[in-house]
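Engineer: below: sequence and its predicted model.
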Amino acid sequence: MTVTQISAQELFRAAYQNRYTWDENFPGYTADITYKYDGQEFTGKVRIQADFKWEVSGVEDETAKKAIEGQTWEIAVHRVRRTFEQTHGENTFSYGETDNTGAVEIIVGGKSAGDKYKVRNDVVTLVHRHIHGVVVTINTFSIHETGAGYLSHTYDSVYHDPKTGEKKGGRNEFTDEYEKVGDYYILNRRIIRTETEGNVAIQEFIFSNLELLG
């Protein structure tokens, strides 16, 4: 079936539903966390519950704790399963350009007007969203195929001011690794390489001893 035979909404819906999320039986889990940054190493515990509430404990350094909390929130929020209608029911979708990789641009109207995505082979390869007063642009370069949806493996993110277009902060490059624990794929390592005006900072988050709750 060619792109022109299906609507932009259906193409985007298929990619949206192909993302890997945790199902209604997800029991939650605990993990040990090791955070490495700037020659320092911090350790603690992470817990994400079945209702996706989470906590970080045992990390005394406030800056390190805040960094780990930020990543734990990211993990939880991206694995929540929401229907396409719950997330995009008030949006409309139309086709934009097709790039030289074959990725098709999906332009959003309605409630989230101004946002756009790119889709190739049922994978969202570009996200360009207005969120919390900034514009975030995420390019996905490679994925993990789980058999129950895909997870991003390598990707980047850049933030801009929505009014001026001015870049906010540096470009972040991510590499995510996953481990299957019981029936669930869980992040066990994330490296974030941030380049700001020629300077590179590297953060590494290692989640070990992953154990499902209950």
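Structural biologist: That came through, no problem.

Engineer: show me what contacts His130?
Structural biologist: Ser112, Gly114, Asp115, Pro162 (CB atoms under 8 Å, 6 or more residues apart in numbering). Bear in mind the C-beta positions are built from the backbone N, C-alpha and C, glycine included.

Engineer: show the buried residues in those.
Structural biologist: Ser112, Asp115 (16 or more other CB atoms under 10 Å).

Engineer: between the contacts of His130, which sits nearest Asn188?
Structural biologist: Checking the contacts of His130 against Asn188 by CB to CB gives Asp115 as the nearest, at 30.9 Å.

Engineer: and the closest residue to the closest one other than its chain neighbours, how many neighbours does it have?
Structural biologist: Closest residue to Asp115 apart from its sequence neighbours, by CB to CB, 6 or more residues apart in numbering: Val108 at 4.1 Å. Here the number of neighbours of Val108 (other CB atoms under 10 Å) works out to 21.

Engineer: what's the answer for Arg79, then?
Structural biologist: 20.

Engineer: quick one: residues in contact with the host helix or strand of Ala201.
Structural biologist: Using DSSP states H and E, the element containing Ala201 is strand 199-212. Applying CB under 8 Å, 6+ apart, the contact partners of strand 199-212 are 27-38, 46, 67-68, 71, 179, 181-182, 184, 186-194.

Engineer: over to stretch 40-60?
Structural biologist: So stretch 40-60 is in contact with 26-36, 61, 64-65, 68-69, 72-73, 75-77, 79-80, 207, 213-214, going by CB under 8 Å, 6+ apart.

Engineer: buried stuff in it?
Structural biologist: Under 16+ other CB under 10 Å, the buried positions of stretch 40-60 are Phe42, Gly44, Val46, Ile48, Trp54, Val56, Val59.

Engineer: for those residues, give me CSV that also has distance to His144, secondary structure and pLDDT.
Structural biologist: Converted to CSV, those look like this (distance: CB to CB, whole Å; DSSP: H, G, I helix; E, B strand; the rest coil; pLDDT from 0 to 100):
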residue, distance to His144, secondary structure, pLDDT
Phe42, 27, strand, 98
Gly44, 26, strand, 98
Val46, 20, strand, 98
Ile48, 19, strand, 97
Trp54, 22, strand, 96
Val56, 25, strand, 98
Val59, 28, coil, 97
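
Engineer: among those, which pair sits farthest apart?
Structural biologist: Across those (CB to CB), the longest gap, 18.8 Å, separates Phe42 and Ile48.

Engineer: helices - which of the contacts of stretch 40-60 land there?
Structural biologist: Of the positions in those, Ala64, Lys65, Ile68, Glu69, Thr72, Trp73, Ile75, Ala76, Val77, Arg79 sit in helices, assigned by DSSP state H.

Engineer: circling back to that earlier point, turn the contacts of His130 into TSV, including secondary structure, distance to Thr140 and pLDDT.
Structural biologist: Formatted as TSV, those follow (DSSP: H, G, I helix; E, B strand; the rest coil; distance: CB to CB, whole Å; pLDDT from 0 to 100):
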residue	secondary structure	distance to Thr140	pLDDT
Ser112	coil	19	90
Gly114	coil	20	90
Asp115	coil	16	93
Pro162	coil	22	87
